[in-house]
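Novice: Fold the following, please.
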Amino acid sequence: MADTVETLSLEEVGRVLGRLRQPDLLRLAALAQTWVSGLPRRDAGDLLNEALARILSGQRPWPADVPLPAFLSQVMRSIASQWRHEDIREPLAAETDEIGNDPQEYRDDSFADMTERMRAALADDPPALGIFNHILTQTSRKQACDQLQLSATGYDTARRRMIRTLQRQFNPGWIP
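Specialist: You can find the predicted model right below:
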């Protein structure tokens, strides 16, 4: 028989949050500041407000046996992680306006050029190049191992070599 997790009702959540004192709020704000570090377009207030909104709306059920700081910290961690993924995937509007008339065409050319440069950087390491190509085609790890005739350890080792090579060749300050 599966154990069900008992969660607080929205009324109970409201009561607990309503009893927060100023020092509690300051500690939560400091915790939000920790999770929001590295997100240049967001601030700690936004993160804390979003976490509280999700809790109060019932989107994030609060397990009854988890204390407020731990639960709120995990909700904020989850939201910050989501924001990081969104920021990585979404180009800024200012960046797309600067590209020119057809930003998609520029991105396609830029992507093709970048992948060719990366392939050239990996040319001396066939397993790493094979893994790179499998990542681009979005095949599974198992399929890559089978087609490249690599063990799980060999795959992991070649993947780490690929990452190190690409990081060396294309450091974060690299500009095409």
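Novice: residues touching the closest residue to residue 77 other than its chain neighbours, list them.
Specialist: Among residues not flanking residue 77 along the chain, residue 35 sits closest, at 5.5 Å (Cβ to Cβ, 6 or more residues apart in numbering). C-beta here means a position set from N, CA and C on the backbone, and glycine is covered the same way. For residue 35, the contacting residues are 44, 47, 73, 76, 77, 79, 80, by Cβ atoms under 8 Å, 6 or more residues apart in numbering.
Novice: Which secondary structure element is home to the closest residue to residue 41 other than its chain neighbours?
Specialist: Nearest in space to residue 41, with sequence neighbours left out and distances taken as Cβ to Cβ, 6+ apart, is residue 87 at 6.4 Å. When elements are assigned from DSSP states H and E, residue 87 belongs to helix 68-89.
Novice: still on that earlier bit, please tabulate the contacts of residue 35 in TSV, including the columns pLDDT and neighbour count.
Specialist: Shown next, in TSV, are those (pLDDT from 0 to 100; neighbours: other Cβ atoms under 10 Å):
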residue	pLDDT	neighbour count
44	88	20
47	91	24
73	90	17
76	92	24
77	92	15
79	92	22
80	91	22
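Novice: can I get the residues you listed in CSV with distance to residue 139?
Specialist: Formatted as CSV, these follow (distance: Cβ to Cβ, whole Å):
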residue, distance to residue 139
44, 40
47, 36
73, 37
76, 35
77, 31
79, 31
80, 30
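Novice: Out of those, the closest to residue 119 would be?
Specialist: residue 80 (34.0 Å; Cβ to Cβ).
Novice: wouldn't that closest one be in contact with residue 47 here?
Specialist: Yes: counting by Cβ atoms under 8 Å, residue 80 does reach residue 47; the two are 6.2 Å apart.
Novice: Identify the contacts common to these two.
Specialist: With Cβ under 8 Å, 6+ apart, residue 80 and residue 47 have common neighbours 35, 36.
Novice: can you list the domain ranges for this structure.
Specialist: Domain assignment for the chain by automatic domain parsing gives 10-89, 100-169.
Novice: between those domains, which one is nearest to residue 4?
Specialist: Among the domains of the chain, domain 10-89 comes nearest to residue 4, with 10.5 Å by Cβ to Cβ.
Novice: mind checking how far that closest one is from the chain centre?
Specialist: Remark: domain 10-89 is offset 17 Å from the chain centroid, using Cα atoms, centre = their mean, to the nearest Å.
Novice: now do the same end-to-end measure for that domain.
Specialist: Domain 10-89 has an end-to-end distance of 34 Å (Cα to Cα, to the nearest Å).
Novice: next one: stretch 143-153
Specialist: OK, stretch 143-153 end separation, Cα to Cα: 15 Å.
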